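**Q** Give the three-dimensional model of this entry:
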Amino acid sequence: MKGWRRVLATIAVAAAVALAWIFGRSGPDADDADTAQVTPLDPGYAARDAEVIETGFDGRERYRLKASVIRQQTESGVIELERLQMNYHRKPQAGLDPGEVWHLTSDHGLVREEGNDVELNGHVQVTGPAPGGAEPLMLLTESLRINTPTEFIETTAPVKLRWSGHELNARGMQADLKTGKLRLESDVNGHFFPN
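**A** Below you'll find the predicted structure:
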């Protein structure tokens with residue numbers, strides 16, 4: 001009889017330990033709290049070979065942006081762009097010539113949450129109509145910031161401007177596309193060739 005009691009006691013203790021382990025595992029665990037803290041935030045959206053078109057109040061195209069990758073981070077609202085191309089129609093809703101289009105390309109871009117500031121980085125190239133000339137104006141730099149509502153662009157990086165066989169180099173630039181004013185900041189030098 002004592003043998004059976006010992007066996008039953010051993011089974012009861014084993015069952016109690018097993019039940020305590022099972023119930024302990026199903027409750028909150030300290031490791032679960034740590035896991036929740038390291039869970040990455042929602043990455044927002046992502047798209048490959050995407051095209052975004054914004055129109056003005058009259059329905060005419062303001063800009064068309066193509067990128068090999070577009071990613072948005074929800075916590076910051078920043079949109080990251082890779083290998084982007086953008087056609088920007090300067091004020092089409094104001095009745096200007098619809099042929100006045102600026103073409104921008106770069107390796108990378110960032111668009112802030114409100115969408116007003118665009119930062120371009122890596123092999124930035126901007127091409128558009130040169131004032132008073134038939135040939136386009138080309139701007140080359142490594143970084144460029146664009147404020148779309150004010151149509152203001154600027155950089156502190158080295159800049160190269162080419163048009164009608166002429167070339168200007170500088171460090172830093174500010175341009176107001178509304179007024180057509182361009183300011184080169186420093187180290188300005190150029191080559192002007194007769195037409």
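
**Q** quick one, domains of the protein?
**A** Domain ranges of the chain: 2-38, 46-191, per automatic domain parsing.

**Q** Val159: neighbour count?
**A** Neighbour count for Val159, taken as other Cβ atoms under 10 Å: 25. Placement of C-beta: from N, CA and C, glycine included.

**Q** So which elements touch the helix or strand containing it?
**A** If you go by DSSP states H and E, Val159 is part of strand 152-163. In terms of contacts (3 or more Cβ pairs under 8 Å, 6 or more residues apart in numbering; DSSP states H and E), strand 152-163 is packed against strand 136-147, strand 166-176, strand 181-191.

**Q** and that strand, which strands flank it?
**A** Strand pairing for strand 152-163, using DSSP bridges, gives strand 136-147 (antiparallel), strand 166-176 (antiparallel).

**Q** for the ones you listed, which one sits closest to Asn121?
**A** strand 136-147 (4.9 Å; Cβ to Cβ).

**Q** and the strand holding Val159, which residues are buried?
**A** 153-155, 159, 161-163 (16 or more other Cβ atoms under 10 Å).

**Q** now stretch 178-189
**A** 182, 184.

**Q** Please list the residues outside it that contact it.
**A** 91, 131, 150-151, 156, 158-159, 168-176 (Cβ atoms under 8 Å, 6 or more residues apart in numbering).

**Q** which of those count as buried?
**A** 151, 159, 168-170, 172-173, 175.

**Q** So among those residues, where is pLDDT lowest?
**A** Among the buried ones among the contacts of stretch 178-189, Glu151 has the lowest pLDDT, at 80.

**Q** Can you report how many residues neighbour the spatially closest residue to that residue that is not a sequence neighbour?
**A** Once flanking residues are discounted, Glu151 sits nearest to Leu177: 4.0 Å by Cβ to Cβ, 6 or more residues apart in numbering. Using other Cβ under 10 Å, Leu177 has 18 other residues around it.

**Q** what's near enough to touch Leu177?
**A** Taking Cβ under 8 Å, 6+ apart as the test, what Leu177 contacts is 90, 102, 151-153.

**Q** wait, which of those residues is closest to Arg60?
**A** After measuring the contacts of Leu177 against Arg60 - Cβ to Cβ - the closest member comes out as Arg90, at 11.7 Å.

**Q** where exactly do the strands run in this structure?
**A** Here the chain has its strands, by DSSP state E, at 46-55, 61-72, 79-89, 101-111, 117-129, 136-147, 152-163, 166-176, 181-191.

**Q** which residue packs closest to Val111, ignoring adjacent ones?
**A** Ile79 (4.2 Å).

**Q** For the one you found, give the beta-bridge partners.
**A** Gln72, Val111.

**Q** sorry, back to before: now distance to Gly59 too, for the buried residues of strand 152-163, in a markdown table please.
**A** Compiled in a markdown table, the buried residues of strand 152-163 are given as follows (distance: Cβ to Cβ, whole Å):
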| residue | distance to Gly59 |
| --- | --- |
| Ile153 | 26 |
| Glu154 | 30 |
| Thr155 | 33 |
| Val159 | 35 |
| Leu161 | 34 |
| Arg162 | 35 |
| Trp163 | 33 |
